[in-house]
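Peer 1: Model the following, please.
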Amino acid sequence: MEDAPTPRKVKDIFIVDEAVNDDHSMVALSKATMARLDLFQGDFGVLKGKKRKDTVGVAGPDDTLNDAHVRLTRGA
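Peer 2: From the prediction side, this is the model:
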């Protein structure tokens, strides 16, 4: 009997930049990061903060960001 593969635990840690718009649900990522995480524009994702707070955001591409940064409002 084959052993089931163990799920891969990946911790993607990003630096948060201030958003340019006031949309609290939008999370801007670079296109390379979206491709690596298998996200498309409009996909939902759960964001976990440093203080163990969770929030849901809508993914969107941003060409001005590098792969280590995300852009969202600080109040989210």
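Peer 1: State the number of residues packed around Phe40.
Peer 2: Residues contacting Phe40 under the criterion other C-beta atoms under 10 Å number 10. All C-beta spots, glycine's among them, are computed from the backbone N, C-alpha and C.
Peer 1: Moving along the chain from the lengthiest strand in the chain, name the first helix or strand you hit.
Peer 2: If you go by DSSP state E, the chain has its longest strand at strand 54-61. Moving toward the C-terminus from strand 54-61, the next helix or strand (DSSP states H and E) is strand 69-72.
Peer 1: Now that next one: average pLDDT?
Peer 2: In this model, strand 69-72 has a mean pLDDT of 91.
Peer 1: hmm, who's touching it?
Peer 2: Contacts with strand 69-72, where a contact means C-beta atoms under 8 Å, 6 or more residues apart in numbering, come from 14-20, 26-30, 33, 47, 57, 62, 65.
Peer 1: mind listing what Gly45 touches?
Peer 2: 27, 37, 39, 56-57, 59.
Peer 1: which of the residues you listed has the most neighbours?
Peer 2: The most crowded member of the contacts of Gly45, judged by other C-beta under 10 Å, is Val27 (25 neighbours).
Peer 1: hmm, back to that, quick one: average pLDDT of the longest strand of the chain?
Peer 2: Averaged across strand 54-61, pLDDT comes to 91.
Peer 1: by contact count, what packs against it?
Peer 2: If you count contacts as 3 or more C-beta pairs under 8 Å, 6 or more residues apart in numbering; DSSP states H and E, strand 54-61 packs onto strand 26-29, helix 31-36, strand 44-48.
Peer 1: mean pLDDT for these: which is lowest?
Peer 2: Among the helices and strands packed on strand 54-61, strand 44-48 carries the lowest mean pLDDT (a mean of 89).
Peer 1: now that one, how far from the chain's geometric center?
Peer 2: Relative to its parent chain, strand 44-48 has a centroid offset of 6 Å by C-alpha atoms, centre = their mean, to the nearest Å.
Peer 1: That one to strand 54-61, inter-axis angle?
Peer 2: Here strand 44-48 points in a direction 130 degrees away from that of strand 54-61 (axes from the mean of the first three to the mean of the last three C-alpha atoms, to 10 degrees).
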